[in-house]
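Engineer: please find the sequence and the predicted model below.
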Amino acid sequence: MKATLILEDGTVYVGESFGAEGEAVGEVCFDTGMTGYQEVLTDPSFFGQLVCMTYPIQGNYGVNSEDNESDRPWPKGFIVRECCSFPSNFRCEGTLADYLKKNGIIGIERVDTRALTRKLRESGVMNGVITTAENPDVEACVRRAKEFAIRDAVRNVTCAERREYPAEGEAKFKVALYDFGNKRNITRCLNALGCDVSVLPAATPAQEVLDGGFDGVMLSNGPGNPAENTEIIEELKILLDSGLPVFGICLGHQLMALAAGARSEKLKYGHRGGNHPVKDLALGKTYITSQNHGYAIVGESLPPQVGEVSHINMNDGTVEGVRYKNRPVFTVQFHPEASPGPRDTRYLFDEFLDLMKGGAR
Ligand SMILES: NC(=O)CC[C@H](N)C(=O)O
């Protein structure tokens, strides 16, 4: 069956449908990861997006029940060069196409993903429509794409109620994890290091965390424009000055910086993939990191008496981490939990544990 991708600038890519049928409107972004499509699909940070994978074959090792980063896939559509129909892997439990169909996600293949990626790199991020209609009305699709905006993102992906995830082995610490769209591997990493983790809805008041007997707070990744989360930012202001250790990842990093008085900006086309070089300024060392974000914190807007930039992206110089002054609080824009991605920066979880022990970072 035919499928068509129409960008808001009127560009049309004709391909073939391989997931659900119908129409999806969303923000088109590209991800350069060579593996990890299942983790990408189930990462709640992709809520509302049409994700183009730059690696030319997807689905070649199928899908399984162990690699999910949340309970369901979140992008509105998946754009690939080729979707493999006969996956081969000892862990494979089904095909990517069936998985998308079952979950109502539209997939389009046979798209020149190199041309699309170049277009987004040159023109910047754009909205689009994928439709399986035989003769789509391009003008109407362009209108719908232009009208689209990702709104209430965190509210749509956060958990409805608190859930407990016990430590592996002896529990050393109790961590409150704010779920802004949490990737399961953040919970797994903490559990593996001996933390009992309570995953909390995004709207949990800071006071409840302070009264909860926790040793530290983890702020998760999540979708959407960080600046729209005004109520959460107010709660984080309380946590920032509470003396409790806090570690933030991606959206969690952005929200804490906004709470500290900084400003966020939308990047031209974002960073998504598993090969982004980031320099830890204190160590003078560069790590290869996993990333998925469309916004960043503006370094100069961070009040210098509150925090300083700790990491920068070696491709474009954008802020990749903040260390807060006189507070046991640090955050990173990239994904130390990876999944998919390199594990270079897993050590940051140990640093969070050191803070909870009361040691210096
Ligand atoms: N993965 C994330 O947490 C992404 C954060 C934010 N939604 C952004 O796009 O920048």
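Structural biologist: Nice, thanks for sending it over.
Engineer: need the contact list for the closest residue to the ligand within the stretch 1-150 of the chain.
Structural biologist: Nearest residue of the stretch 1-150 of the chain to the ligand, counting by C-beta to the nearest ligand atom: Ser45, 3.3 Å away. (Glycine included, C-beta is placed from N, CA and C.) Counting by C-beta atoms under 8 Å, 6 or more residues apart in numbering, Ser45 makes contact with 74, 181, 183, 221-223, 250-251, 292-293.
Engineer: for the most centrally placed residue in the chain, grab phi and psi.
Structural biologist: Centre of the chain computed as the mean C-alpha position; nearest residue by C-alpha atoms, centre = their mean is Ser45, 3.7 Å away. The phi/psi pair for Ser45 (degrees, to the nearest 10) reads phi -70, psi -20.
Engineer: pLDDT value on it, please?
Structural biologist: At Ser45, the model reports a pLDDT of 98.
Engineer: coming back round to it: of the contacts of Ser45, which are in range of the ligand?
Structural biologist: 221-223, 250-251, 292-293 (C-beta under 6 Å from any ligand atom).
Engineer: that older thread, now, which of the contacts of Ser45 lie within helices?
Structural biologist: Leu251 (DSSP state H).
Engineer: between the contacts of Ser45, which is closest to Arg151?
Structural biologist: Here the nearest of these to Arg151, counting by C-beta to C-beta, is Pro223; it sits at 10.5 Å.
Engineer: is it true that the closest one touches Ala153?
Structural biologist: Yes: at 3.9 Å, Pro223 counts as touching Ala153 under the criterion of C-beta atoms under 8 Å.
Engineer: give the residues shared as contacts by the two.
Structural biologist: Listed contacts common to Pro223 and Ala153 are 47-48, 181; contacts here mean C-beta under 8 Å, 6+ apart.
Engineer: would you mind giving those as a markdown table with distance to Lys102 and neighbour count added?
Structural biologist: Formatted as a markdown table, the shared contacts of Pro223 and Ala153 follow (distance: C-beta to C-beta, whole Å; neighbours: other C-beta atoms under 10 Å):
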| residue | distance to Lys102 | neighbour count |
| --- | --- | --- |
| Phe47 | 19 | 21 |
| Gly48 | 20 | 23 |
| Gly181 | 22 | 27 |
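Engineer: phi first, then psi, for Ala167.
Structural biologist: The phi/psi pair for Ala167 (degrees, to the nearest 10) is phi -70, psi 150.
Engineer: looking at it, it is touching Gly194, isn't it?
Structural biologist: Yes: Ala167 lies in contact with Gly194 (C-beta under 8 Å); the separation is 4.8 Å.
Engineer: which neighbours do the two have in common?
Structural biologist: Common neighbours of Ala167 and Gly194 (C-beta under 8 Å, 6+ apart) are Phe173.
Engineer: these two: which has the busier surroundings?
Structural biologist: Using other C-beta atoms under 10 Å, the more surrounded residue of Ala167 and Gly194 is Ala167, with 18 against 14.
Engineer: rewinding a little: please identify which of Pro223 and Ala153 sits among more neighbours.
Structural biologist: Neighbour totals were compared for Pro223 and Ala153, and Pro223 leads with 26 against 23 (other C-beta under 10 Å).
Engineer: interface residues of this protein facing the ligand?
Structural biologist: So far as C-beta under 6 Å from any ligand atom goes, the chain lies against the ligand at 45, 221-224, 226, 250-251, 254, 292-295.
Engineer: kindly reformat the residues you listed as a markdown table containing distance to Thr117.
Structural biologist: Formatted as a markdown table, these follow (distance: C-beta to C-beta, whole Å):
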| residue | distance to Thr117 |
| --- | --- |
| Ser45 | 19 |
| Asn221 | 23 |
| Gly222 | 24 |
| Pro223 | 21 |
| Gly224 | 22 |
| Pro226 | 25 |
| Cys250 | 22 |
| Leu251 | 24 |
| Gln254 | 24 |
| Asn292 | 15 |
| His293 | 17 |
| Gly294 | 15 |
| Tyr295 | 20 |
